[in-house]
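>>> based on what follows, work out the 3D shape:
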Amino acid sequence: MFKTTLIAAAVAATLPLAALAEGIMIEGAYARSSGPQAASGAAFMVLVNQTGTDDRLVSVASPAAERIELHTHIEDADGVMRMREVEAGFAVPAGGSHALERGADHVMFLGLTAPFEDGAMVPLSLTFERAGTIEIEVPVDLTRMPRGHGGMDHGAMGHNAMDHGDGHAMGN
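All right, here's what the predicted structure looks like:
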């Protein structure tokens, strides 16, 4: 029994960016903010449903901010991308996945309790309709570039903020 527990603990320690509970796996999680003075931040990851039943991420929680919400980006009539809360959560289809990524669906931290520092870990609770709550530690990575941007830093070009709709802005 002890040997099995020790082996399981050793395996778990080698997979810090993946979490699994009740058939839902969290892959590639990371968090970022637009800078040390930022009042908000975001987390990104891939939710993988390894079961034969659809599930849904319905809420998130963390002591890292005053409010944590599930968000997406919606283009308004003027062509401006605005972040909006998704109260219904994110569907994760049976045998499929749902990516939370920059410029799309993501976890939003509003009113950070402390700056997101590169390399730090942010505790995050993800609650699913069927799988229940998964507790993870999300590494802060302030240098990771979004896929498809060829390493271009939009923040250096002066248009790094996206309107959140309630006075908060987040670098893309």
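
>>> distance of the closest residue to residue 141 other than its chain neighbours relative to residue 91?
Leaving aside its sequence neighbours, residue 141 sits nearest to residue 30 (CB to CB, 6 or more residues apart in numbering; 4.3 Å). Bear in mind the C-beta positions are built from the backbone N, C-alpha and C, glycine included. According to CB to CB, to the nearest Å, residue 30 stands 22 Å off from residue 91.

>>> re the thing from before, what sits against the residue nearest to residue 141?
Listed by CB atoms under 8 Å, 6 or more residues apart in numbering, the contact partners of residue 30 are 17, 43, 44, 45, 138, 139, 140, 141, 144.

>>> out of these, which end up buried?
Using 16 or more other CB atoms under 10 Å as the burial test, the contacts of residue 30 include 43, 44, 45, 138, 139, 140, 141 as buried.

>>> got the residue ranges for the helices in this structure?
The residue ranges that make up the helices of the chain, judged by DSSP state H, are 2-13.

>>> quick one: residues in contact with stretch 37-44.
28-34, 64-65, 71, 100-102, 106-112, 115-116, 122, 124, 138, 164, 168-171.

>>> and the buried ones among those residues, selectable in ChimeraX?
Selection of buried members from the contacts of stretch 37-44 for ChimeraX, criterion 16+ other CB under 10 Å:
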select :29,30,31,32,33,34,64,65,71,100,102,106,107,108,109,110,112,116,122,124,138,164,168,169,170,171
